[in-house]
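Undergrad: Coordinates for the following, if possible.
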Amino acid sequence: MKIEFEDTEIIRSFEGLYTTSYLCPANVWTCGYGCTGSDIKEGTVWTEEYCKERFMEEINKFSSKLEKVLPSNISKNKFIAILSLTYNIGFPAFMASTMLKKLKLGDWGGAAEEFLVWTKITVKGKKVFSKGLHLRRKTEQMLYLKG
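TA: The predicted model follows:
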């Protein structure tokens, strides 16, 4: 599915734009719109244009991987909602998720409920509820349910 920059508003609104690297809650150096990688370290600075380019490169990689595992009849809204979740939790976590299992079984409603499973962050080695992640998941879920 072709994803344009405009399609990613939900992701960008939650990731925010940071032209200087920062340590995310998972203690990973991050820059731009939630981009990570071995080239990002303390003191990394990007232009806004490069943030957009790099973000879309990452989005296209995630999108290509998702196309291979999601049902072919998935709507764009559902796809983008799942793309947002996957961009946030990582592809390996999504591949092991109950959501993917339900999607493959055609349990669209059951898959929608799975967004709210991913509302915790790890703090000092313990999983704790995050209001921010809960809001993100509810927003993703609402987009998914639009059809």
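Undergrad: same for the one helix or strand residue 31 maps to, what does it pack against?
TA: In the assignment (DSSP states H and E), residue 31 maps to strand 29-32. Contacts defined by 3 or more CB pairs under 8 Å, 6 or more residues apart in numbering; DSSP states H and E place strand 29-32 against strand 18-23, helix 48-69. For glycine as for every other residue, the C-beta is placed from the backbone atoms N, C-alpha and C.
Undergrad: want to try CSV for those, with mean neighbour count and distance to residue 86 as columns?
TA: Shown next, in CSV, are those (neighbours: other CB atoms under 10 Å; distance: least, CB to CB, whole Å):
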stretch, mean neighbour count, distance to residue 86
strand 18-23, 14, 20
helix 48-69, 15, 6
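Undergrad: Next one: the most centrally placed residue in the chain from residue 42, what distance?
TA: The centroid of the chain falls nearest to residue 87 when counting by CA atoms, centre = their mean (2.5 Å). Residue 87 is 23 Å from residue 42, where distance means CB to CB, to the nearest Å.
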